[in-house]
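*Asks:* Got a predicted structure plus its sequence, pasted below:
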Amino acid sequence: MGSASYVIGLGSNRRHGRHGPPERVVRAAIAAVVAEGLAVRRISRTIRTSAMGPSDRDFANAAALVESDLLPPALLALLQRIERDFGRRRYRRWGARVLDLDILAWSGGEWRARSLVIPHAGLAVRDFALRPAAAIAPDWRHPHLGRTLRQLEARLTRRRPVDRRPRTP
């Protein structure tokens, strides 16, 4: 396989002993990705977002556009190893985590396996993933929805008119 492009989502909402607060964990994770041989082409700015689920800690989220010769399952294994190196333990869904790395999109379109689905299932509906991804790959087209990341972000974030009509019982 030749080189492929991936949009990687990065998130943290726990302080790391060496790297510090979540924003610095995200920056350190990007450095770790580079150290593993992935070519980082673009990085979004880091945004603060509220956590989903029971965690009460805000997240620092970003996205990176990377190139790699790895197929999606091999890239996922590499990203999970980086997470473990940062102290990530997979024991609680939606809990606080020192580092979360997700493959959000792939230049190959889609990949479906039991352990990996690309594009990420929540990409089009999660602002914390979509906003950074759209900032670095605005013209990437979602293979199922047929819209670019820029269009998906606009749909997700646009204000909807308030329906002021009285409700009938």
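*Replies:* Perfect, thanks for sending it.

*Asks:* residues making contact with the helix or strand harbouring residue 77?
*Replies:* Using DSSP states H and E, residue 77 sits in helix 72-85. Applying C-beta atoms under 8 Å, 6 or more residues apart in numbering, the contact partners of helix 72-85 are 6, 8, 29, 32-33, 36, 38, 68, 70, 99-103, 106, 108, 111, 113, 115-116, 118. In this view, the C-beta of every residue, glycine as well, is placed from N, C-alpha and C.

*Asks:* Out of those residues, which sit inside strands?
*Replies:* Cross-referencing these against strands under DSSP state E gives 6, 8, 68, 100-103, 106, 111, 113, 116, 118.

*Asks:* Phi first, then psi, for residue 62.
*Replies:* The phi/psi pair for residue 62 (degrees, to the nearest 10) reads phi -150, psi 180.

*Asks:* number of nearby residues for it?
*Replies:* For residue 62, the neighbour count with other C-beta atoms under 10 Å is 25.

*Asks:* for residue 64, helix, strand, or coil?
*Replies:* strand (DSSP: H, G, I helix; E, B strand; the rest coil).

*Asks:* Just give me the neighbour total for it.
*Replies:* 25.
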